[in-house]
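**Q** here is my input, please return the structure:
(2 chains)
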Amino acid sequence: METQTIKNKETATKVTERITGSEAIVRCLIEEGVKVLYGYPGGAIMPVYDELYKYQDKIHHVLTRHEQGATHSAQGFARISGEVGVAIATSGPGATNLITGIADAQIDSTPMVCITGQVPSHLLGSDAFQETDIVGISTPVTKWNCQVTKASDIPAVIAKAFFIARSGRPGPVLVDITKDAQFNELDFAYEKCTKVRSYVPVPKTVSGTLEAAAKLINEAKKPMIVWGQGVVLSEAEAVFKAFVEKSGIPAAWTILGASALPTSHPLNVGMLGMHGNYAPNKLTNECDLLIAIGMRFDDRVTGDLSKYAIQAKVVHFEIDPAEIDKNVKTDVAVLGDAKASLTSILPLINENSHTDWHQEFKDLYAIEYEKVIKDDLYPTKEGLTMGEVIHQINMHSNGDAAIVTDVGQHQMIACRYAEFNKTKSNITSGGLGTMGFGLPAAIGAKMAAPEREVVSISGDGGYQMTLQELGTIFQQKAAVKVVVLNNEFLGMVRQWQQLFFDKRYASTEMINPNFVAIAEGYYIKARKVTKREDLAGAVKEMMESKEAYFLEVCVEKEGNVFPMVPSGASVSDIRLS
Amino acid sequence: MSTEKQLFTISVYTENNIGLLNRISAIFQRRHINIESLNTSPSEIEGVSKFTIVVNIADENIKKIIGQIEKQVEVIKAYYHKDEDTIYQESCIFKMQSDLLFEERQIQNIIKDSNARIVTVNKSFFVIEKSGRKEEIDSIYKELKPFGILQFTRSGRVSVSKQPMEISQMLTAFN
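**A** Alright, predicted model coming up:
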């Protein structure tokens, strides 16, 4: 493409080039620092793929085996790196296949830009081949979306898309681009977007709220911190740790917040919610101050809201004003970015140690250890437990691996027992609970952080929802460690059927294929373990493998995850069995 | 906070964008909130649109709804008001058979008494227009109904608030 430089320097404001819309799309991505994107070609996006071919030394396109896999890979990429994940697909079914991943990214606040091809603008609304109203369909599950029908609009719209996806509370953005806009030419110049008139990414902290929050924190006798992904998204881990240590307040996490503070930290008192730890759930209803940081009081965390922390005052550090008082009434709302707010409040906080109060957490942990944890991690009865597999992975990773999970029993067990030394190490589908998320997300995570050990842990159900992505692992030589905890059941649903539906196991039993043969079919090293004595060796072999490795572990068929807050019950009614 | 439902007029100032109506209406649809009326128009500021939405919901929910609306990237600001805090009007038009105008004297009285006006008359039909509050429109509708209404359409509520809505200052601050 020939460069047209405006020669008269006095009138020149920026240098532009005459290029096609499709080249502009790729150039925009490069300008935004995108090095890897995930997608699947098709008719309406072909001009862009032609440009990706030309620019393959600058930007690496990963062909997934399904568009859903492309979104989950982009999500995994974003979650481990903090950068915007990018997925690309054609119109019609290509676009609709993105929706699950987009919805997942929306509820879990993951920065992602999806680009879809669309039929030529003169065919819009004519029910053309592979035409679908993807802007209409994706509206409720995107932070922002937009259809582009003119080549000249492409740079500004893509710049805006990246800005919106990554700023404030991050989220997915979809840009739908008609084929004629891809073919037509424009004068290209790229300018990053830094503001949008109607959009306030980070709200101003209301004056006086930091002081009011500090006063409550300093005066509290039994304070408790509940933190979420906001700590990770604002990269506030260091100041958060300083805040926890200075205030001496026990801190518990939502599953998306996990790993922001190392598991081994003495003030890390564990996981909140339905299958979380005994102590933080019980003591939520005993604390006198609940300090919520970058979390949104999801129903899986709170249980029955009318019986949730009603005795406590609530301080909520939050970037999204719509989350304030949405589920739990706040006494002091500290609006703003978690890192900035925590940095400002730190000098106002008194050094303290709540020794007696912290002891209450330790005492309840001891009960949970005796009744649940011991048998999960060090079982003596026949039948492998999911917990002992996670324990073996911990032994070999020393807590440095990124654990990517799917959805279900294995997910809760992995979140409960995986040890994390580093932030951004627990990648899972939290809010949407998307089965099939794990395997493709692990591919994205491994490609974003090739230096890190990435272990994908799935159940036999969710694994089969996206197992075609083994093809992507093979083609990309992505050294993902893939563990399937096979209980031949949709375990979490089966557990509910056992507890609440008189063991009527409707459609939860799975007759499974030869998983090892399938992995080997994709030329991935594979092993199956059925006996305890083989487990440690197999996990060691997997963790030491330089290449991708598949490990199937046949676990007890009817194991249950405890503790458990039954659906609709109060967090203090958490059951240990 | 009250859980009793009441009428609120929501005023949303937005960028003028395709698809925003969808985005805003989806917020209500998801929560099973029936929209009593919806009107979109240009606002007092060039290039800024205004949605006027009337809903019947509880006090504790209106704040959450406003939060969800304001969260949309292209929404500049959303306000909510109770009826007593706004000046509002609706408009409606009736199409009726022309003979009635001559045969039923009562119709002319209805038009006069309710401050309605005749927009057009021709051999076969005539059209009445009435602006006012919902109750006034309900009342003229009830009175005309027995004579046979060929067509009836009522607009959404349009309203202005008694207190200022400081959008211009806000936009200046954004820029």
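
**Q** list the residues that contact the residue in chain A that chain B sits nearest to.
**A** Distances between chain A and chain B by Cβ to the nearest Cβ are smallest at residue A:322, namely 3.5 Å. (Each C-beta comes from the backbone N, C-alpha and C, glycine too.) Residue A:322 makes contact with B:64, B:67, B:68, B:70, B:71, according to Cβ atoms under 8 Å, 6 or more residues apart in numbering or on different chains.

**Q** next to chain B, which bits of the stretch 251-400 of chain A? Give me the list.
**A** A:320, A:321, A:322, A:323, A:324, A:325, A:326 (Cβ under 8 Å from any Cβ of the partner chain).

**Q** mind checking how far the residue of chain B positioned farthest from its centre is from residue B:97?
**A** No residue in chain B has its C-alpha farther from the mean C-alpha position than residue B:103, which lies at 34.0 Å (Cα atoms, centre = their mean). Separation of residue B:103 from residue B:97 (Cβ to Cβ, to the nearest Å) stands at 9 Å.

**Q** OK, contacts around the residue lying closest to residue A:44 once chain neighbours are set aside?
**A** Counting by Cβ to Cβ, 6 or more residues apart in numbering or on different chains, residue A:44 lies nearest to residue A:117, which is 3.3 Å off, once chain neighbours are set aside. Residues in contact with residue A:117 (Cβ under 8 Å, 6+ apart) are A:42-46, A:48, A:89-91, A:94, A:176-179, A:182.

**Q** Three-state assignment for residue A:138, please.
**A** helix (DSSP: H, G, I helix; E, B strand; the rest coil).

**Q** pretty sure it contacts residue A:100?
**A** No - using Cβ atoms under 8 Å as the test, residue A:138 is too far from residue A:100 to be in contact (11.2 Å).

**Q** residue boundaries of the strands in the stretch 151-300 of chain A?
**A** Under the criterion DSSP state E, counting those that start in this stretch, the stretch 151-300 of chain A carries strands at the ranges A:172-178, A:185-188, A:223-227, A:251-253, A:268-271, A:289-293.

**Q** and residue 171, what are its phi and psi?
**A** In the absence of a named chain, chain A is used. Backbone geometry at residue A:171, expressed as degrees, to the nearest 10, gives phi -180, psi 180.

**Q** should've been chain B
**A** According to degrees, to the nearest 10, residue B:171 has phi -70, psi -40.

**Q** thought it was touching residue B:77?
**A** No - taking contacts as Cβ under 8 Å, residue B:171 lies outside contact range of residue B:77: 9.2 Å.

**Q** which residues do those two both contact?
**A** With Cβ under 8 Å, 6+ apart, residue B:171 and residue B:77 have no common neighbours.

**Q** what does chain B put close to chain A?
**A** Counting by Cβ under 8 Å from any Cβ, chain B sits next to chain A at B:14-15, B:18-19, B:22-23, B:26, B:30, B:63-64, B:67-68, B:70-71, B:73-76, B:171, B:174-175.

**Q** now chain B against chain A: closest residue?
**A** residue B:67 (3.5 Å).

**Q** show me the contacts for residue B:83.
**A** By Cβ under 8 Å, 6+ apart, the neighbours of residue B:83 are B:7, B:9.

**Q** surely residue A:572 touches residue A:284?
**A** Yes - with contact defined as Cβ under 8 Å, residue A:572 counts as touching residue A:284 (7.4 Å).

**Q** so these two - more neighbours on which side?
**A** Using other Cβ atoms under 10 Å in any protein chain shown as the criterion, residue A:572 and residue A:284 rank with residue A:284 on top: 26 against 17.

**Q** for the more buried one, what are its contacts?
**A** Contacts of residue A:284 by Cβ under 8 Å, 6+ apart are A:224, A:226, A:272, A:290, A:308, A:309, A:312, A:571, A:572.

**Q** could those residues be laid out in TSV, adding pLDDT?
**A** TSV is the format used below for the contacts of residue A:284 (pLDDT from 0 to 100):
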residue	pLDDT
A:224	98
A:226	98
A:272	98
A:290	98
A:308	98
A:309	98
A:312	98
A:571	97
A:572	96
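
**Q** one step back: next step: the contacts of residue A:322 restricted to helices.
**A** B:64, B:67, B:68, B:70 (DSSP state H).

**Q** before we move on, what SS does the residue nearest to residue A:44 have?
**A** Assignment for residue A:117 (three-state DSSP): strand.

**Q** how about residue A:315?
**A** Classified using three-state DSSP, residue A:315 is strand.

**Q** tally of neighbours for it?
**A** Neighbours of residue A:315 (other Cβ under 10 Å): 26.

**Q** that one contacts residue A:290, doesn't it?
**A** Yes - the pair residue A:315 / residue A:290 is scored as a contact, 7.3 Å apart, by Cβ under 8 Å.

**Q** which residue ranges form the helices in chain B?
**A** Going by DSSP H, chain B shows helices at B:20-30, B:59-70, B:98-103, B:105-113, B:134-144, B:167-174.

**Q** just the element for residue A:86, please.
**A** Per DSSP states H and E: residue A:86 is located in strand A:85-89.

**Q** report the contact partners of residue A:315.
**A** A:213, A:216, A:217, A:289, A:290, A:291, A:292, A:330, A:331, A:332, A:333, A:334.

**Q** wait, isn't residue A:312 in contact with residue A:283?
**A** No - if you go by Cβ under 8 Å, residue A:312 and residue A:283 don't touch, sitting 10.1 Å apart.

**Q** any shared contact partners between these two?
**A** residue A:224.

**Q** any weak-confidence spans in the chain?
**A** Picking chain A for this. A:1-13 (pLDDT under 70).

**Q** not quite, go with chain B.
**A** B:1-2, B:174-175.

**Q** export the contacts of residue A:284 to JSON lines and append columns for distance to residue A:196.
**A** Formatted as JSON lines, the contacts of residue A:284 follow (distance: Cβ to Cβ, whole Å):
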{"residue": "A:224", "distance to residue A:196": "37"}
{"residue": "A:226", "distance to residue A:196": "32"}
{"residue": "A:272", "distance to residue A:196": "34"}
{"residue": "A:290", "distance to residue A:196": "34"}
{"residue": "A:308", "distance to residue A:196": "36"}
{"residue": "A:309", "distance to residue A:196": "36"}
{"residue": "A:312", "distance to residue A:196": "37"}
{"residue": "A:571", "distance to residue A:196": "39"}
{"residue": "A:572", "distance to residue A:196": "44"}
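
**Q** out of the residues you listed, which is most surrounded?
**A** Of all those, the highest neighbour tally under other Cβ under 10 Å goes to residue A:272, namely 29 neighbours.

**Q** which strand residues bridge residue A:270?
**A** Judged by DSSP bridges, the bridge partners of residue A:270 are residue A:252.

**Q** need phi/psi at the most centrally placed residue in chain B.
**A** Geometric centre of chain B, nearest residue: residue B:157, 1.4 Å, by Cα atoms, centre = their mean. For residue B:157, the backbone dihedrals (degrees, to the nearest 10) come out as phi -70, psi 140.

**Q** could you find the closest non-adjacent residue to residue A:312?
**A** Nearest residue to residue A:312 in three dimensions, chain neighbours excluded: residue A:290, at 4.6 Å (Cβ to Cβ, 6+ apart).
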